[in-house]
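> Got a predicted structure here, sequence first:
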Amino acid sequence: MSNPILEANKLCKTFGSLVAVQDVSIDIHKDEIHAVIGPNGAGKSTLISQICGSLSSDKGSVFLLGRDITNLPTEKRASLGIGRTFQISALAKEDTVLENAILGSVGASGKHWRFFNPVLKNSILRDEAESCLELVGLKDLINLKTATLSHGQLRLLEVAIALTLKPKVFIMDEPMAGLGSDGTKQLTEFLDKLRERAPILLVEHDMDAVFALANRITVLDYGRVIASDNASSIKKDPEVQKAYLGEG
Amino acid sequence: MIKERHLNIFVLGLLIFVPIFAYWNDQPFTITLMTRAVIFAIAAVGLNLALGIGGFISFGHAAFFGLGGYVMGILAWHSQNYVTLVEWPILIEGTKSMPIIWIITIAASALLAAIIGMISLKTTGVYFIMITLAFAQMMYYFSTSWSAYGGEDGLSIYVRNNFPGLNTLDPIQFFSICCVILLIVLFFMGRLIKSPFGLALNASRQSRQRIEAVGFDFHKLQLTAFILSGAITGLSGALFADLNRFVSPSMFSWQLSGEFIVFIIIGGVGRLFGPVIGALIFVWLEHLIGGISDYWHIFLGFILLAIVLFGKGGITGLLCQKDAQHE
Amino acid sequence: MSFVLIAEQILNGLQFGIMLFLMSAGLTLIFGVMGLINLAHGSLYMIGAFVAAAVASATGSFILALVAALSAAALAGAIVEITIIRKLYNRNHLDQVLATFALILIFSEGTRWVFGSFPLYLDAPSYLQGAVTLPGGIQYPLYRITLIFFGLIIGLGLGLLITKTRLGVQIRAGENDREMVSALGVNISKLYTFIFALGAALAGLAGALVGAIQSVEVGMGEPVLILAFVVIVIGGIGSVKGALIGSILVGLTDTLGGIFLPKFFSFFMDLATATNVGSSIASMSIYILMSIVLVWRPTGLFGQKV
């Protein structure tokens, strides 16, 4: 097997007496979608925050393309290639859709400290942002205020911004949450193709989507990995059924 | 409803034609009043970068305003009294040249903003408000206790500083200097808001997570904005001291910090011309009501309460509501 | 420098700190429970001082003056809370800052309008004038000693109110979870008015008590207000215990710095320069203290971690 793109080793995180994540290891390889599932409070969001850097880890390490990023701040990890989407949309709601997307292109370009030239007139950055918006199907909405978008459109914008970063790996926190069945179907098809650009670490509650997409699935319960295997084995795993699917 | 751009052009027209009109009719006091408004506008435009775009409420921008005043005062005082400023390790004399004073003011204010910013931007919200207020107060007490430069009495400058080719004592010429500086600051601010930095700063106010997820260093972004903001407000302080030919600890007062915020609120938060409109209206009201009653601050208090409780978006918001929504 | 002088200065610092505590306790409670930044707290301090001075000169009774100051400030606080402050709880900090800034303007100019621009004077009652001799031969004004004890008793009372009474439970619950308080069937708006009036009463009392040491004038409240901000930033917003410790730290730093820093600098420079440099740095000492605390703990000594 090739070297993993992203690798987390034995991550731990406690909040007071609560153990949120304990010795969780996970890796993501080229061209794959690796899903993380588990009941509410299993530690999925904590794990994502540790990998992306918004929470520090008590123990363990994170490697991106072989580079130790355990102690880097969020923005450093982002510029090294982690493209994250948020469960609760984190967007500049007063700005337009295009402005939100172009923020990603600027961030990825490293041209953060330019004070003079209008960013919307920079055709390279603008083209990039527009093409990413086009990919997710938001091309027609680029001049709308983000606050006016529907819930599903906001999710797509999250994905589009992650695309503008040209990340080495996508980390998506419940991208399907709150989408209707049509929306889920569309996004599932989109993510299926997206894995060719960069592998995806997918945290998702929608089991149909997970089983349709995931090459591998890791199951968390009470902060621990209770199983990690391909989709069909996971379905049959008795411990998973007991802990998670409730078919004990 | 009118377009924000048209309102801005109207304000620019006021800035240029009111003083010309006053000049023709020999009303130097009106020109001085306009100069005061323009200088306050520069201060508030500076603050608006931190408060309106960046979203961190500095209640201590008088620290930079006062520092600008003292940089000007100290340099000019040394020059007019023929006392060297620094003898060792290198000889530095005072100066009466405006451009040199401005450059030193900008550098000094930026440095002070870097120090205050590094400490206070570790915090957010109410802590930030109180800490910036406290730092401005610190500068105030420092200036009152520093007797070498006048202590509580401040410093008087006999003659206004020089600008090559102009007679700065002529009200209209000094007004022109201040007005051109305001226009330059507005031009750069207008570009800045639309630049990559401005876009990121604007987004950082709305979502810190977002800005970090796309690779921006949130703290550096805020600190840079705070330094730029402090430098602009500092420059206006040097002009203000030059207008009055006097600088005193009152330029560090918390009331001034509050009034800068008031300019922005009256005019419209985060709008390019908001602080300019606010400063113009404030100075005009101060003159108008202050002429009728000794207690004009009571009226200001009630006006302000009404704006906060009932009006949103200031004057610009009131006039350009539709425009803002459709943008 | 003698032991007596040092002891005197420590007592001065303590007295200053205790008065700051009366101001900052209300401020920190109002922020902790209602989430409101109240710049007009200094105005309530001023109102207390003015009412005390007016009542004392009309009746000659200091006790009556204190009661009047406390009641007037509490009443003013309650009225302001009901008419204006209440509308600000759900607003952002900028609106709160501006509205309470507007209140300062109204209160200050209103007071100037009623009482004129000249300062008033309030004398400590005859039975509290003069000095007492403390152990170690320290002569110290009786009035200031009384202030220290009085302030400590109020602090103790406030502590008991918050930790031991039903009202205290509601206040603490309000700091943690506003929805829970109303779910418990507490009349939230009455509770808020009460807390605001309580804070106002403490501020008014502090103004009246300090009024007997300083002159009573318009604008006396804001410097104290800003010091109270420094106190609660150091102590941690919302924490009454933090306010007490912060107050005493600030009081001692300010008083002792003003005395000892010039002396300290006189060891290595001539007297005039040392006095100048020393007092300049002393004027900054509490802000330096605040910066150090913040770098170490960004939410203050007893503040909740964000």
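Yep, it's here. Here the structure is a predicted model, which means the values were calculated and not measured.
> Could you pull out the helices in the chain for me?
The chain I'm using is chain A. A:44-52, A:74-80, A:97-109, A:123-136, A:151-164, A:181-194, A:207-213, A:231-236, A:238-240 (DSSP state H).
> actually it's chain C I care about, not the one you picked
C:3-34, C:41-59, C:62-83, C:93-115, C:142-164, C:166-176, C:178-183, C:188-211, C:221-235, C:240-265, C:271-296.
> Export those to CSV and append columns for mean neighbour count and mean pLDDT.
(Each C-beta comes from the backbone N, C-alpha and C, glycine too.) Putting these into CSV (neighbours: other CB atoms under 10 Å in any protein chain shown; pLDDT from 0 to 100) gives the following:
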stretch, mean neighbour count, mean pLDDT
helix C:3-34, 23, 91
helix C:41-59, 25, 95
helix C:62-83, 20, 96
helix C:93-115, 21, 93
helix C:142-164, 16, 91
helix C:166-176, 16, 79
helix C:178-183, 14, 70
helix C:188-211, 25, 93
helix C:221-235, 26, 93
helix C:240-265, 21, 90
helix C:271-296, 18, 86
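> Tabulate the ones you listed (a markdown table), appending distance to residue A:175.
A markdown table is the format used below for these (distance: least, CB to CB, whole Å):
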| stretch | distance to residue A:175 |
| --- | --- |
| helix C:3-34 | 38 |
| helix C:41-59 | 48 |
| helix C:62-83 | 46 |
| helix C:93-115 | 34 |
| helix C:142-164 | 46 |
| helix C:166-176 | 34 |
| helix C:178-183 | 30 |
| helix C:188-211 | 39 |
| helix C:221-235 | 41 |
| helix C:240-265 | 43 |
| helix C:271-296 | 39 |
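> closest one to residue A:225 among those?
Evaluated over the helices of chain C, closeness to residue A:225 peaks at helix C:166-176, with 34.6 Å, by CB to CB.
> Give me the helices and strands touching that closest one, please.
When contacts are defined as 3 or more CB pairs under 8 Å, 6 or more residues apart in numbering or on different chains; DSSP states H and E, helix C:166-176 packs onto helix C:3-34, helix C:142-164, helix C:178-183, helix C:188-211.
> Compare the ones you listed and give me the one nearest chain B.
helix C:3-34 (6.5 Å; CB to the nearest CB).
> what angle sits between that closest one and helix C:93-115?
Orientation check (axes from the mean of the first three to the mean of the last three CA atoms, to 10 degrees): helix C:3-34 against helix C:93-115 gives 120 degrees.
> How far off centre is helix C:3-34?
Chain-centre distance of helix C:3-34: 7 Å, with CA atoms, centre = their mean, to the nearest Å.
> Establish whether it and chain B are in contact.
Yes: using CB under 8 Å from any CB of the partner chain, helix C:3-34 comes into contact with chain B via residue C:31.
> From the contact counts, what lies against that helix?
By 3+ CB pairs under 8 Å, 6+ apart, helix C:3-34 packs against helix C:41-59, strand C:138-141, helix C:142-164, helix C:166-176, helix C:188-211, helix C:221-235, helix C:240-265.
> Dump these into a markdown table; add distance to residue A:223 as well.
Listed next are the helices and strands packed on helix C:3-34 as a markdown table, based on distance: least, CB to CB, whole Å:
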| stretch | distance to residue A:223 |
| --- | --- |
| helix C:41-59 | 46 |
| strand C:138-141 | 61 |
| helix C:142-164 | 36 |
| helix C:166-176 | 26 |
| helix C:188-211 | 38 |
| helix C:221-235 | 36 |
| helix C:240-265 | 34 |
